[in-house]
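In: Pasting the sequence and the predicted coordinates here, then a few questions.
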Amino acid sequence: MSEKINIHWYPGHMTKARRMMEENIKLVDLVIELADARIPESSRNPDIGALCAGKARVLVLNKADLADPVCIRRYVEAAGKDGVRAIAMDARSRRGMEELRAYVREACAAKLARDKRRGIVGRPLRAMVAGIPNVGKSTFINSFAGKACTKTGNKPGVTKGKQWIRMAKDIELLDTPGILWPKFEDPQTGIRLALAGAINEDILEPVELSFWLLRCLEQSYPGAVAQRYGIGAGTAAEQSAAANETVTDGGDSARLLGILTQIAQARGLVKAQGAPDTGRAATVLLDDFKNGRLGKITLEP
């Protein structure tokens, strides 16, 4: 079983979406960039920064209810020192929306003052909402507006084209499809994006992906897996034997496969012949992380 994970997912519609952003950036005063609070750096598309150069920008760390609050606070503080206006929020609960509105007005203060000098009064601010797939842009817009304006879904690629949404008399939002970038310089970026749900699950190998997640949890959140599934450490030999699986690349993989075996046993996941189903256990583990059942976790230092 190989653990070399090299993930790239850049379907054709993302090229079209990037061109659309290039064409429409001149129409907006501000860019609201959404990132995933669990992977705040990996979920920031560098292309967005290049496309939006010269525009006011606010960074929203969405899904903060699923992320480690200590890590969020550190990232927001670090972003502020770099001159980036950043705010952590859970778009579903609407907490932080008023603070965000203040951030938007602050970011556009120079533009509003310029309009006033020119005698332009009452023109709404126009903001583009941009980010990677499945970061919660549509939920954010619906919550910001206080009404259902866009389609939402817990999978990448729900938004296919641009949508203008009138929020109030003073703000209009341009919703854009989620886009990734063609090549990840750091392979771990692709892995983190996959774990957060930004990459189509059909191209992923859940067991290998779960191995990476298990190692990360052991290092930063020891006990999270044992607490969730009520399992112990055991020995690699006992675990791999129970799984009835063949592991070809060393003891650490056998140990991790053993943890999946215990999860399968704890959840009653078995194959037709009665052996623990480690593939389904990996899927359960990944889904539990994605939905916050393992606790508030951030996958980046």
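Out: That came through, no problem. Predicted model only: the values in this text are computed from it and were never measured. Numbers count the residues shown, from 1 in each chain.

In: what's the closest non-adjacent residue to the residue most central in space within the chain?
Out: Central residue of the chain (Cα atoms, centre = their mean): residue 36, 3.6 Å from the mean position. Nearest non-adjacent residue to residue 36, counting by Cβ to Cβ, 6 or more residues apart in numbering: residue 43, 4.1 Å away. Heads up, the C-betas are built off the backbone N, CA and C, glycines and all.

In: residue ranges with poor pLDDT in the stretch 151-300 of the chain?
Out: Along the stretch 151-300 of the chain, the model assigns pLDDT under 70 to residues 151-163, 168-169, 233-251.

In: I'd guessed the residue nearest to the centre of the chain sits against residue 60; true?
Out: No. Taking contacts as Cβ atoms under 8 Å, residue 36 lies outside contact range of residue 60: 10.2 Å.

In: picking up where we left off before, which residues does the residue nearest to the centre of the chain contact?
Out: Taking Cβ atoms under 8 Å, 6 or more residues apart in numbering, we find residue 36 in contact with 42, 43, 61, 62, 63, 67, 132, 135, 136, 196, 198.

In: can you do 7 Å?
Out: Counting by Cβ atoms under 7 Å, 6 or more residues apart in numbering, residue 36 touches 43, 62, 63, 135, 196.

In: wait, what's in contact with the fourth one?
Out: Meaning residue 135. Applying Cβ under 7 Å, 6+ apart to residue 135 gives the contacts 34, 35, 36, 43, 62, 178, 198.

In: Recalculate using a threshold of 10 Å.
Out: Shown in contact with residue 135 (Cβ atoms under 10 Å, 6 or more residues apart in numbering): 33-37, 39, 43-45, 60-63, 91, 129, 156, 178, 193, 196-198.

In: Okay, and which of the residues you listed map to strands?
Out: Among those, the members falling in strands (DSSP state E) are 33, 34, 35, 36, 60, 61, 62, 129.

In: Report the buried members of those.
Out: 33, 34, 35, 36, 60, 61, 62, 129 (16 or more other Cβ atoms under 10 Å).

In: Common neighbours of residue 36 and residue 60, please.
Out: Residues touching both residue 36 and residue 60 (Cβ under 10 Å, 6+ apart) are 131, 135, 136.

In: Just name the closest of those to residue 173, please.
Out: The nearest member of the shared contacts of residue 36 and residue 60 to residue 173, counting by Cβ to Cβ, is residue 131 at 12.8 Å.

In: Kindly list the main-chain dihedrals of the residue located most distally from the centre of the chain?
Out: Within the chain, the residue lying farthest from the chain centre (Cα atoms, centre = their mean) is residue 119, at 41.7 Å. The phi and psi values for residue 119, taken as degrees, to the nearest 10, are phi 80, psi 10.

In: One more: residue 276?
Out: Torsion angles, degrees, to the nearest 10, at residue 276: phi -60, psi 140.

In: show me where the stretch 151-300 of the chain has strands.
Out: 163-168, 171-175 (DSSP state E, counting those that start in this stretch).

In: Just put those in JSON lines and tack on distance to residue 102.
Out: Formatted as JSON lines, these follow (distance: least, Cβ to Cβ, whole Å):
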{"stretch": "strand 163-168", "distance to residue 102": "14"}
{"stretch": "strand 171-175", "distance to residue 102": "12"}
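
In: Which of these sits closest to residue 50?
Out: That would be strand 171-175 among those, by Cβ to Cβ, at 18.0 Å.

In: what's the pLDDT at residue 107?
Out: Confidence at residue 107, expressed as pLDDT, is 80.

In: How about residue 20?
Out: Residue 20 carries a pLDDT value of 84.

In: Does it fall in a helix, a strand, or a coil region?
Out: Using DSSP: H, G, I helix; E, B strand; the rest coil, the structure places residue 20 in helix.
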